[in-house]
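[1] pasting the structure only:
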């Protein structure tokens with residue numbers, strides 16, 4: 001029975017984005033936002049080798065490629081009901097960008113703003129980093145149009161706990177073979 005529920009959840013839209021992919025992007029957003037207080041999230045993020053963390057354990061390689069090459073409009077409407085959460089100002093040109101292009105554009109804007117601030121400080125050498133919780137998480141939240149309340153719902157919390165339990169079980173199984 002659980003298998004058929006999972007198959008239903010993974011039913012793809014005509015453009016290949018599934019609610020499952022969106023949900024896993026939500027897990028990534030949650031980890032990005034909470035990694036300082038969530039040791040397991042920090043461990044997952046610190047071991048990621050994927051650009052912007054979009055890959056395992058959050059998404060399979062194939063799902064990551066699908067997500068990165070999908071337009072924001074497609075990501076936001078994976079279950080046919082996301083448009084209501086997207087501000088009108090975002091529905092236009094940004095919606096036609098791929099997730100990959102959107103992330104690069106927004107990150108470039110953050111870097112440009114930090115470099116401008118450095119210039120305004122009379123060129124004082126200031127190191128800066130892209131912060132996962134303060135910079136990347138809000139960009140990914142915007143890309144997927146997740147309202148902040150989404151992470152407080154019982155459905156999300158339950159799904160996140162099941163996902164974490166699945167990761168722990170898979171990790172334990174992998175160690176048993178090693």
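    Perfect, thanks for sending it. Since we're looking at a predicted model, the values are computed, not measured. Numbers count the residues shown, from 1 in each chain.
[2] Next SSE downstream of the lowest-mean-pLDDT helix or strand in the chain?
    Lowest mean confidence among the helices and strands of the chain (mean pLDDT, DSSP states H and E): helix 2-9, at a mean of 36. Heading C-terminal from helix 2-9, the first helix or strand you meet, by DSSP states H and E, is helix 19-34.
[3] Just the residues contacting that following helix, thanks.
    9-11, 38, 41, 44-45, 53-54, 58-59, 63, 66-67, 75, 78-79, 82, 132-133, 136-137, 140-141, 144, 146, 150-151, 156, 159-160, 163 (CB atoms under 8 Å, 6 or more residues apart in numbering). Using the backbone N, CA and C atoms, a C-beta is placed for each residue, glycine as well.
[4] try stretch 104-112
    97, 130, 135, 136, 139, 142, 143.
[5] For residue 27, grab the count of nearby residues.
    If you count neighbours by other CB atoms under 10 Å, residue 27 ends up with 21.
[6] Which of the three states applies to the residue located most distally from the centre of the chain?
    Distance from the C-alpha centroid of the chain peaks at residue 122, with 36.1 Å (CA atoms, centre = their mean). At residue 122 the chain is in coil, as set by DSSP: H, G, I helix; E, B strand; the rest coil.
[7] helix or strand right after the helix or strand containing residue 140?
    Using DSSP H and E, residue 140 sits within helix 137-144. Once the chain leaves helix 137-144, the next helix or strand it forms, by DSSP H and E, is helix 154-177.
[8] Mind checking which residue lies nearest the centre of the chain?
    residue 25 (3.6 Å).
[9] was I right about residue 96 contacting residue 70?
    No: assessed by CB atoms under 8 Å, residue 96 is found out of contact with residue 70, at 11.1 Å.
[10] So between those two, which is more surrounded?
    Of the pair residue 96 and residue 70, residue 70 is the one with more neighbours under other CB under 10 Å, namely 20 against 13.
[11] per-residue confidence for the more buried one?
    For residue 70, the pLDDT comes out at 92.
[12] which residue sits closest to residue 36, ignoring its sequence neighbours?
    residue 133 (6.6 Å; CB to CB, 6 or more residues apart in numbering).
[13] for that neighbour, what are its contacts?
    Contacts for residue 133 were tallied using CB under 8 Å, 6+ apart; they are 32, 33, 34, 35, 36.
[14] count of neighbours near the first one?
    Residues near residue 32, counting by other CB under 10 Å, number 23.
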